[in-house]
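1. Next come a sequence and a model predicted from it.
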Amino acid sequence: MKLYNVNLSNFATKSRLVIYEKGLNIEMVPIPGGGLKSAEYAKINPLGKTPALDADGLLIPESEVINEYLEDKYPTPALMPKSPEGRAKVRIITRFHDLYLEPPLRALFGQLNPKTRDQKLVGEKLADLKNRIDQLEKMLADGGYACGSEFTLADCALVPTFFFITNLGPAFGVNALDGQPKLSAWWTHVQSRPAVKKALGEMTEALAAMQRGGQ
């Protein structure tokens, strides 16, 4: 198997976390043709997004589909609870992340330069993001991880996006963890895991490289 991967992508990191947690022998390959919109990559993944998993000939796009496939195929160590109720709780957070938390953050990526910033757009997206973070604070379980005492696919979804929230927030004068005790405790706790350290280290290196390239 191989994962078409970009280290700075929060969605690709989401799937790398599952691979690292499970200790899977999956090759990480760069996007062919030099970018997501290349003709070469379009032949592999018409959606033109990362990640995409080549599962021995079956092309699986979309990080959450990839992660659930890997959980089904390699159930140990488990990243989903056994009970239907527990699995539903994980899916509520992964769905919340993909549809509600991540989009306003993504809209801010193109607004980092204060000289070209659309202040109206920034204000709207920051307000939306804060509202989603407030909602997530209420959704988190007690026990250290997003859904309780066990690390799950919900944590895999949230970790890479909170890398961006915590690293890029100051550029907009925002500390997203202020007044969010459960989120703050979760963020501190989750970073102690070896797989999370590895994935965040890769994101940190990739962000630094991008910033050097933009100077």
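-> Structure received.
2. Show me where the chain dips below the pLDDT cut-off.
-> Under the criterion of pLDDT under 70, the regions of the chain flagged as low confidence span 214-215.
3. Can you pull the domain assignment for it?
-> Per automatic domain parsing, the structural domains of the chain span 2-73, 84-213.
4. contacts for the one helix or strand residue 121 maps to?
-> Using DSSP states H and E, residue 121 sits in helix 119-139. With C-beta atoms under 8 Å, 6 or more residues apart in numbering as the test, helix 119-139 has contacts from 92-93, 96, 100-101, 104-105, 107-108, 111, 158, 165, 172, 174, 176, 180-183. Every residue, glycine included, has its C-beta placed from N, CA and C.
5. ok, now with 7 Å
-> Contact with helix 119-139 is made by 93, 96, 100-101, 104-105, 107-108, 111, 172, 174, 176, 180, 182-183, as judged by C-beta atoms under 7 Å, 6 or more residues apart in numbering.
6. Buried subset of these, written for PyMOL?
-> Buried residues within the contacts of helix 119-139, by 16 or more other C-beta atoms under 10 Å, are selected in PyMOL with:
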select buried, resi 93+96+101+104+105+107+108+111+172+174+176+180+183
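7. Just the contacts of helix 119-139: which are in helices?
-> Mapping the contacts of helix 119-139 onto helices (DSSP state H) picks out 93, 96, 104-105, 107-108, 182-183.
8. Report the two of those residues separated the most.
-> With C-beta to C-beta as the measure, no two of the ones in helices among the contacts of helix 119-139 lie farther apart than 107 and 182, at 25.2 Å.
9. Give the phi and psi angles for the closest residue to residue 86 other than its chain neighbours, as a check.
-> Distances taken as C-beta to C-beta, 6 or more residues apart in numbering place residue 147 nearest to residue 86, at 7.0 Å, with adjacent residues excluded. When read as degrees, to the nearest 10, the backbone of residue 147 gives phi -110, psi 20.
10. Direction included, what does the host helix or strand of residue 53 pair up with?
-> If you go by DSSP H and E, residue 53 is part of strand 52-55. Next to strand 52-55 in the sheet, as set by DSSP bridges, lie strand 2-4 (antiparallel), strand 58-61 (antiparallel).
11. Residue 206: which of the contacts of helix 119-139 is nearest?
-> residue 105 (16.8 Å).
12. For that closest one, which residues are in contact?
-> 129, 161, 164-165.
13. count of neighbours near residue 144?
-> Other residues near residue 144 come to 16 when the count uses other C-beta atoms under 10 Å.
14. So it sits against residue 189, correct?
-> Yes: Residue 144 is within contact range of residue 189, at 4.8 Å (criterion: C-beta atoms under 7 Å).
15. Going by distance to residue 18, which of the contacts of residue 105 wins?
-> Checking the contacts of residue 105 against residue 18 with C-beta to C-beta, the nearest one is residue 161 at 15.1 Å.
16. any idea which element that closest one lies in?
-> Using DSSP H and E, residue 161 falls within helix 153-168.
17. Show me what counts as buried in that helix.
-> Buried residues in helix 153-168, counted by 16+ other C-beta under 10 Å: 153-165, 168.
18. of all these, which comes closest to residue 204?
-> Nearest to residue 204 among these is residue 163, at 7.9 Å by C-beta to C-beta.
19. Verify the contact between residue 161 and residue 101 for me.
-> Yes: applying C-beta under 7 Å, one finds residue 161 in contact with residue 101, separated by 6.5 Å.
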